[in-house]
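Q: Sequence and predicted model, in that order:
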Amino acid sequence: MVRPLRPLLRGTTYTRLLHLWVPVLLYSVWMFIDMSRPWVPALLFVPVGLIPAVRRGEGLQAKFMLTPDESDSGISTAPSTTWSDRLRTVLWLEVRTVLAAATAFTTIWMPVFALDLASAALGRPQDDNPLLRIDEPHWAFALLVPLPLIVMAAAVVGLGELITAIARRLLGPSAAERLAALEERTEQLLERNRIARELHDSIGHALTVAVVQAGAARAAGDPAFTDRALGAIEETGRAALEDLDRVLGILREAERPVSSRPTLVEADRLLESARASGAKVDAEFTGPLATVPGPVSREGYRILQEALTNVLRHAGGVPARVRVGVADGRLDLEVRNPLPAPIPGPGRGSGLRGIRERAALLGGRAHTGPDDGDWQVHVELPLG
C-alpha cells in the first residue's frame, strides 16, 4: 500500500509539477490580453527558441527542477551552438506547452470533479459544470470521489517522468558537447597519470638514492664516506621535497603553470646524485639542449631520472653510460648499464611503463630491455 504512494512523498515530484506549471502561468498572461487567439504564444516560441541563450535558461530550469538530486542529469546547460540545438529548443518549448496544458487540466478539473461528486452524494444536483452534469444526486457518487484524485496523482507523477525523459532527449548535450566533455575527462585522466608519474619518479629516485647511500655507508665503516653519504642523502631529500611541494601545488591549483618543472638543462643534478650513490656515470650531451621545447625537455628529464633510478635500484654501483643528443628534429636519450645478476628488487615495472607512456604522449617511442649484454633504455622524442 505504501509503495504506490512513494512518488507522492518525493520532493522531486513537486518540483517537476512546478516546472510544468511555469508555461501555464505565462499562457495565462496572454489570455488576459487576447483570448480569441490562444495559438499566438505557441507561435512566438519559434523565434524565441532560436535564441542561443534560451537553451541555456531552459537547461538550467530543467536541471534544477526536474533532476535536482542527480549529479549527472544528462541535461545540458550550454547555449545553442548549432542549428540542431536551436531546433531542438523550439521543439522542447512546444512540447513543454502541450504537457503544461495537460497538467493544468488534471490539476484543476480533477479536484473540481471530486468536489462535484461529493456534492452529488450529499443530494445536491450538479448542472453548472460543463464537463460533468449530475441531475439526479445519489449517495453512491461518494464511491467515485477518490477516482479523480487518483487520476490527478497519477497524472502529476506520470507527466513529471515524461517531461524529464523528453528534457534529457531535447535538452541533452549535442555531439559537440559530448565530445568536449570526453576530451575534458581524458585531460583529467592524463593529468592524474602525469602527477602519479611525477611522484613515482621524483620520490622513488630520492628513496632509492637514500637506501643505496645508507647501505653503502653502513657497509664501508668509513667516517669520511659516511659523511659524504649523509650529505648526498640530505641533498637528494631536499630536492625530493621541492618536487613534492611542486606536485602538491599542482593538485591545489589546477591552473598553475608547469614551467617550474626541471628540464634536461638541469640534468647535472641527476648525474651528481647517481654518482654520489656509487654509480660510475659517463655522460655525453650533444646538440642545443636549451632549444628543446619545454614539454619535451621536461619529460626527457623525468625519463632520464627514472632510468638512473633503475640503474641504482637493480644494478647498484655499476658503470652507466648516458647519451643525450639533439639532432634531425628529435631528442635521442639513451642510458645503458651492464646487466646484473638476477637480483629481486622492489617495484612491478611501473617506472618502465611510465617511460613508455611519456614517450607515447609526445609522439615518440621508447625501447627498454636487454641489448648486447647491457640493459638499455633508449627513447626518441620528436621536437615538433
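A: Yep, that arrived. Numbering: from 1, shown residues only.
Q: could you measure the closest residue to Trp30 other than its chain neighbours against Val48, distance?
A: Distance criterion Cβ to Cβ, 6 or more residues apart in numbering; nearest residue to Trp30, sequence neighbours excluded, is Pro41 at 5.0 Å. Placement of C-beta: from N, CA and C, glycine included. Distance, Pro41 to Val48, using Cβ to Cβ, to the nearest Å: 10 Å.
Q: Count the residues that sit near the residue nearest to Trp30.
A: 18 (other Cβ atoms under 10 Å).
Q: wait, isn't it in contact with Ser28?
A: No. Using Cβ atoms under 8 Å, Pro41 makes no contact with Ser28, being 10.1 Å away.
Q: Check the secondary structure at the nearest residue to Ala290 once chain neighbours are set aside for me.
A: Leaving aside its chain neighbours, Ala290 sits nearest to Val265 (5.9 Å; criterion: Cβ to Cβ, 6+ apart). The local conformation at Val265, judged by DSSP: H, G, I helix; E, B strand; the rest coil, is helix.
Q: And for Gln376?
A: strand.
Q: cool, and the one 5 residues further on?
A: Secondary structure for Leu381, judged by three-state DSSP, is strand.
Q: Quick check: it vs Pro52, distance?
A: Leu381 is 43 Å from Pro52, by Cβ to Cβ.
Q: got the contact list for the residue lying closest to Leu149 once chain neighbours are set aside?
A: In space, and not counting its chain neighbours, Leu149 is closest to Ala114: 5.4 Å by Cβ to Cβ, 6+ apart. Neighbour list for Ala114: 145-149 [criterion: Cβ atoms under 8 Å, 6 or more residues apart in numbering].
Q: could you say which helix or strand contains Ala114?
A: Using DSSP states H and E, Ala114 falls within helix 83-121.
Q: show me where this protein has helices.
A: 6-9, 11-33, 40-49, 52-66, 83-121, 146-170, 175-220, 223-252, 268-276, 294-314, 350-361 (DSSP state H).
Q: would JSON lines of those with distance to Ala283 be doable?
A: Formatted as JSON lines, the helices of the chain follow (distance: least, Cβ to Cβ, whole Å):
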{"stretch": "helix 6-9", "distance to Ala283": "72"}
{"stretch": "helix 11-33", "distance to Ala283": "66"}
{"stretch": "helix 40-49", "distance to Ala283": "67"}
{"stretch": "helix 52-66", "distance to Ala283": "57"}
{"stretch": "helix 83-121", "distance to Ala283": "57"}
{"stretch": "helix 146-170", "distance to Ala283": "60"}
{"stretch": "helix 175-220", "distance to Ala283": "16"}
{"stretch": "helix 223-252", "distance to Ala283": "17"}
{"stretch": "helix 268-276", "distance to Ala283": "5"}
{"stretch": "helix 294-314", "distance to Ala283": "10"}
{"stretch": "helix 350-361", "distance to Ala283": "18"}
